[in-house]
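Trainee: structure for this input, please:
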Amino acid sequence: MSTPFDPSEGVLDVAPRFAPDDPRTPDVVALLEDHLALMRSLSPPEDVHALDLEGLCRPSVAFFSVRRGGLLLAIGALADLGEGHGELKSMHTRSDLRRAGLARRLLRHLLDEARARGLHRVSLETGPQPEFGPARALYASEGFGECGPFGAYAESAFSTFMTREL
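Mentor: Take a look at the predicted model:
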């Protein structure tokens, strides 16, 4: 579990840094474990599609972190599905920092990265449960619309699929 955010650390005065990162870094591993635990608490095992550490280390996945003064704030990844299609994976903001606009900024960073990599479409899988409502609203406000399953996904009562052309 990530340590609570302490504003007295002085990192609020430093702009967040969005950059490629190594998912094997200890603080990233801890935040990823928080993310996976949350996903497992909301969906049955066969419907948890978040990438684990091994998945995030695949060559087809570009992993990014958001840090402020070295402190990890959020993570996200972009998987290349081939043929100009990318998928957003493992987007997660520390629970004590949600609703601060980090997810939107990270999403925009990942979309810029997708464009820079020559991708023409970006899709994602998220949950239909109320707990995923803020995520779905964020994606919709950034131009994502619901779609059917893509890649290796199948229809599921625990999945909502969204996509956007770039």
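Trainee: excluding covalently adjacent residues, which one is nearest to the most centrally placed residue in the chain?
Mentor: Centre of the chain computed as the mean C-alpha position; nearest residue by C-alpha atoms, centre = their mean is Met91, 1.3 Å away. Distances taken as C-beta to C-beta, 6 or more residues apart in numbering put Gly76 closest to Met91, at 4.1 Å, once the chain neighbours are dropped. Using the backbone N, CA and C atoms, a C-beta is placed for each residue, glycine as well.
Trainee: ok, back up a step: which secondary structure elements does the helix or strand where the residue nearest to the centre of the chain lies sit against?
Mentor: Secondary structure assignment for Met91, by DSSP states H and E: strand 85-93. Packing partners of strand 85-93 (3 or more C-beta pairs under 8 Å, 6 or more residues apart in numbering; DSSP states H and E): helix 26-42, helix 53-56, strand 61-68, strand 71-82, helix 102-116, strand 121-126.
Trainee: select, out of the ones you listed, the one closest to Thr160.
Mentor: Ranking the helices and strands packed on strand 85-93 by proximity to Thr160 (C-beta to C-beta) places strand 121-126 first, at 5.3 Å.
Trainee: what's that closest one in contact with?
Mentor: 49, 78, 81, 84-89, 110-111, 114, 132, 135-136, 139, 144, 147, 150-151, 153, 159-166 (C-beta atoms under 8 Å, 6 or more residues apart in numbering).
Trainee: what does stretch 98-113 give?
Mentor: Stretch 98-113 has contacts (C-beta under 8 Å, 6+ apart) with 16, 18, 62, 64, 66, 73-74, 76-78, 88, 91, 93, 122, 134-135, 138-139, 141-142, 164, 166.
Trainee: what does stretch 145-160 give?
Mentor: 43-44, 47, 49, 81, 85, 87, 123, 125-129, 132, 136, 161-164.
Trainee: flag the shaky bits of this protein, pLDDT-wise.
Mentor: Within the chain, the stretches with pLDDT under 70 are 1-14.
Trainee: Ala114 and Leu166 touch, don't they?
Mentor: Yes: between Ala114 and Leu166 there is a contact under C-beta atoms under 8 Å: 6.0 Å.
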